[in-house]
Structures are given as structure tokens and as C-alpha cells.
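sequence unavailable; structure follows:
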């Protein structure tokens with residue numbers, strides 16, 4: 001379940017309320033500082049009940065949409081801009097099946113299109129969380145029009161339009177309002193600063209400086225967040241690269257185990273003779289400064305009398321034991337990679353690094 005970020009709340013009283021009033025015991029609270037705590041839950045029901053309680057008590061908190069409720073959102077192209085959204089939704093519903101259910105269609109609008117009062121031939125289509133993205137993209141025509149689908153381009157960093165903080169959106173925010181222009185606690189559209197006023201009246205609640213709004217991309221706080229995001233992405237790539245290197249230590253492309261155990265191009269017969277005699281290669285190589293081929297031949301001739309007494313099963317058992325150890329190490333690595341991949345995906349999703357599904 002996604003975390004619940006809570007501000008300016010008595011954590012001790014909160015825990016008692018969750019346990020006594022909601023009868024929830026399976027949750028955790030992490031206090032980041034005196035004013036900021038994070039609640040972690042195990043089930044969707046507990047998550048919703050705690051959020052409802054915080055909303056009723058008018059607590060300052062923000063969270064994220066659970067994966068089970070996250071709607072699939074795509075851009076529809078190829079439909080005339082004069083179409084009614086309800087008509088498009090009606091056409092889409094005729095194509096629904098068990099793995100596909102459409103919920104909402106809205107026409108895409110940008111700041112420029114709103115200012116110029118023009119309509120764009122693009123539509124935002126939302127489907128149920130259980131719908132198949134591939135099934136949606138397989139729809140090639142709507143009302144006899146050839147259409148295409150595209151994923152929504154996410155902003156580099158999510159910024160809430162309600163409280164102006166980063167890493168979440170206004171749809172999951174219950175923090176106090178902070179105006180993007182003046183920083184005061186009033187709702188959107190109630191600010192007294194107009195476009196005719198100078199930039200000196202603008203105030204950023206993030207860097208605490210005058211001269212720009214809180215949504216300014218050259219704000220020092222925004223740049224700092226972008227740097228943190230890049231460092232996080234690089235750290236994740238580095239961890240994945242290290243795990244791939246660890247994997248390559250166990251498995252090398254094009255090299256079999258039998259070839260790997262050969263040292264310095266010694267063939268199998270000579271290699272077994274060289275190992276089973278108990279003579280190390282380094283000690284033998286020092287003798288009279290002979291090359292490898294002479295050493296192998298000499299070692300073979302000198303130990304001919306002992307060959308019949310050597311138990312070949314020992315070498316086979318050693319190889320089998322090495323193979324078993326390699327398999328165990330690979331299984332451990334595969335398990336760790338799977339666990340860390342899930343954790344990495346959750347962190348990137350919560351902080352807006354990956355697109356929402």
C-alpha cells in the first residue's frame with residue numbers, strides 16, 4: 001500500500017485512535033521529524049479506513065493512489081476536434097469486454113489552447129484499473145475513423161497544485177492550501193495578484209523568495225529536487241549494473257564449465273594428471289624455467305606409476321559440488337534481484353520517476 005504522509009499531528013494520539021477506534025493493529029508509523037510522520041499499512045481496507053479518519057478530523061496529509069485503483073489513462077488521436085466526449089465514450093463502450101472497461105473521456109486542453117480558445121483533436125481516455133492496455137491499443141477505429149493511442153507524457157517532477165509540494169498530486173492531497181502566486185492559504189482562483197501586477201509581488205513558498213511563483217522551473221528548490229531525482233536514477237542504474245556484474249561472475253557467455261576449469265590451455269587428461277598428483281602449477285612451472293607444454297609432458301611421465309591408483313570419482317565429485325554451489329548462488333542472486341526490482345519500481349512510481357499504469 002502507498003504511504004500516508006502526515007504533518008503537524010500528535011503521533012501518540014494518532015496511534016491510539018487507529019488501534020481503539022478503527023481496531024487496526026497491523027500498521028507502522030515512521031517519524032521523520034517532529035512535524036512529519038509516515039503511516040504504512042498492509043491492506044487496502046486499512047489504508048482507506050485510516051485515510052477516511054484523517055479526512056474527517058481535517059488532518060494535514062497527502063498520499064498516493066493505490067495500484068488497485070489506479071486508472072489506465074491514454075491519449076486518443078485521430079478523432080475530429082468537434083466530437084462530443086460522451087459520443088466517443090459511447091462508441092468505446094460498444095467495444096468493451098471482460099478485460100476492457102472504459103470510464104471517462106475528456107478533451108485535452110493546454111494553457112495555450114485555453115488562452116486562444118481553441119479545441120485540440122486529442123482526447124484523454126480513462127479505463128478501469130483491470131483493463132488491458134494492449135486491448136485498448138488494439139482498437140484501430142472509432143466511428144469509422146482510424147485512430148491511434150499514445151501514453152501520457154509525465155512531468156519530470158510531480159508538483160501538487162494545492163499545497164505546492166513535490167512528489168504528489170492534488171487529487172490525493174489534504175494539506176492546507178498554499179497559493180502558487182502569493183503563498184497564502186486561499187483556494188485556487190482567489191488570489192489578488194493579477195497578470196497586470198509586477199513579478200515583485202510573486203512569492204515562492206518553496207524557496208521563500210520573491211520574484212517568481214512556486215511553479216517556476218528555475219527555482220532553486222525545484223533544481224535541487226531535480227538533482228535528487230537524477231542521483232536516485234543513477235544510483236538505481238548502478239545497483240542494477242552491479243547485480244548484472246555479479247551474475248556474470250557466475251555465468252559467462254560462450255564458456256562452459258568444463259572449459260572454465262581448464263587452466264592455461266591444459267587439456268583434460270593432462271589437467272587431471274596435474275591436479276591429482278598434488279603438484280601445484282606454480283611450483284612445477286618454476287622448475288628449470290620450462291614452458292607449460294614441457295611441464296605437462298614431464299609431469300605426466302613422472303607420475304605414470306600413480307595414475308592407476310588415482311580415484312577418478314574424486315574429480316567428478318569436485319566438479320558436481322562446484323556446480324551445486326554455483327546453482328545455489330545463482331538462485332540467491334535471482335531471488336534478491338526480484339525483491340529489489342519490486343522495491344525499486346514502487347519507489348520510482350511513488351516519486352513520479354516512472355509513468356503510472
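Done, it's in. Note that the structure is a prediction, hence the values are computed from the model and not measured. Numbering: from 1, shown residues only.

show the pLDDT at residue 309.
For residue 309, the model assigns a pLDDT of 46.

ok, residue 222 next?
For residue 222, pLDDT reads 93.

how about residue 337?
As predicted, residue 337 sits at a pLDDT of 68.

go on, residue 349?
58.

isn't residue 162 right up against residue 172?
No: with contacts counted by CB atoms under 8 Å, residue 162 stays clear of residue 172, the gap being 9.7 Å. Any C-beta I mention is one placed from the backbone N, CA and C, and that applies to glycine too.

what is the burial count for residue 3?
When neighbours are defined as other CB atoms under 10 Å, residue 3 has 17 of them.

and what of residue 230?
By the criterion of other CB under 10 Å, residue 230 has 11 neighbours.

for it, give its distance to residue 184.
32 Å (CB to CB, to the nearest Å).

can you pull the phi/psi pair for the closest residue to residue 174 other than its chain neighbours?
Nearest residue to residue 174, sequence neighbours excluded (CB to CB, 6 or more residues apart in numbering): residue 61, at 5.3 Å. Main-chain torsions, residue 61, degrees, to the nearest 10: phi -150, psi 160.

can you list the buried residues in stretch 192-202?
With burial defined by 16 or more other CB atoms under 10 Å, the residues of stretch 192-202 counted as buried are 193, 202.

cool, and stretch 207-217?
207, 212, 213, 214, 216.

pipe those into TSV and attach distance to residue 243, secondary structure and pLDDT per row.
Formatted as TSV, these follow (distance: CB to CB, whole Å; DSSP: H, G, I helix; E, B strand; the rest coil; pLDDT from 0 to 100):
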residue	distance to residue 243	secondary structure	pLDDT
207	38	coil	93
212	42	coil	93
213	42	coil	93
214	39	coil	93
216	39	coil	92
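
so which of these comes closest to residue 109?
For the buried residues of stretch 207-217, the closest approach to residue 109 (CB to CB) belongs to residue 213, at 20.3 Å.

make sure the closest one is actually in contact with residue 178.
No: between residue 213 and residue 178 there is no contact under CB under 8 Å: 11.1 Å.

got any ranges where the chain has weak pLDDT?
Applying pLDDT under 70 to the chain flags residues 244-315, 334, 337-357.

again, only using 80
Across the chain, the ranges flagged by pLDDT under 80 are 195, 241-357.

tell me the domain ranges of it?
With domains defined by automatic domain parsing, the chain comprises 4-68, 71-151.

what's the span of the shortest one, first residue to last?
What that stands for is domain 4-68. 16 Å (CA to CA, to the nearest Å).

quick one: that domain to chain centroid distance?
How far domain 4-68 lies from its chain's middle: 23 Å, per CA atoms, centre = their mean, to the nearest Å.

which residues sit in contact with residue 324?
By CB atoms under 8 Å, 6 or more residues apart in numbering, the contact set of residue 324 is empty.

quick check: phi and psi at residue 23.
Dihedral angles of residue 23 (phi, psi; degrees, to the nearest 10) stand at phi 60, psi 40.

residues near it, how many?
When neighbours are counted by other CB under 10 Å, residue 23 comes out with 9.

was I right about the residue nearest to residue 174 contacting residue 5?
Yes: with contact defined as CB under 8 Å, residue 61 counts as touching residue 5 (6.0 Å).
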